[in-house]
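*Asks:* Everything below, folded, please.
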Amino acid sequence: MVISTADEQLPFRLGQAFISKQALAEAAKLHASIEGFEFYAHKSDNKKYDIRCRNSKDQQCGWRLYASPSTSSSGFIVKTLEPRHSCTGMKRLTSRNMTSTLAAKMIEPKMADHPKYK
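*Replies:* Got it, this is the predicted structure:
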């Protein structure tokens, strides 16, 4: 079993393991930002993490990811994945999933490669 961190998981796949629910949530936010869609947590607690495309209600988009705790470790494993969107993506220019922390994580590798970049 491969344990993923938020930096090495794109795209998602069935059986993929994450070191924690938080690492999975960060990976989902990064994926959504890169792909240009938003998601919401349909159900989220210490026994499940079920996220769906924000357009699943009005445009009936089928994108979904469901993960639950691993029986052999403290991480979460992707159990259900519908990777294809049937919607048109975000309807606005801002993203509910984008945070300053996520933006910093996306920029950080570029800054490491080019330390004098302004």
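*Asks:* in what helix or strand does the residue nearest the centre of the chain lie?
*Replies:* Nearest to the geometric centre of the chain sits Ala28, at 0.4 Å (C-alpha atoms, centre = their mean). Element membership for Ala28, per DSSP states H and E: helix 21-35.
*Asks:* could you say what helices and strands that helix packs with?
*Replies:* If you count contacts as 3 or more C-beta pairs under 8 Å, 6 or more residues apart in numbering; DSSP states H and E, helix 21-35 packs onto strand 48-53, strand 64-69, strand 76-82, helix 100-113. Backbone N, C-alpha and C define where each C-beta goes, glycine included.
*Asks:* what's the burial count for Ser33?
*Replies:* 18 (other C-beta atoms under 10 Å).
*Asks:* I meant Lys47, not that one.
*Replies:* By other C-beta under 10 Å, neighbour count at Lys47 equals 10.
*Asks:* Relative to Ser86, how far out is it?
*Replies:* Distance of Lys47 to Ser86, computed by C-beta to C-beta, to the nearest Å: 29 Å.
*Asks:* now swap in Ala23 and tell me
*Replies:* 28 Å.
*Asks:* is Asp50 in a bridge, and if so with what?
*Replies:* Lys43, Tyr66 (DSSP bridges).
*Asks:* check contacts around it.
*Replies:* Neighbour list for Asp50: Ala41, His42, Lys43, Ser44, Arg64, Leu65, Tyr66, Ala67 [criterion: C-beta atoms under 8 Å, 6 or more residues apart in numbering].
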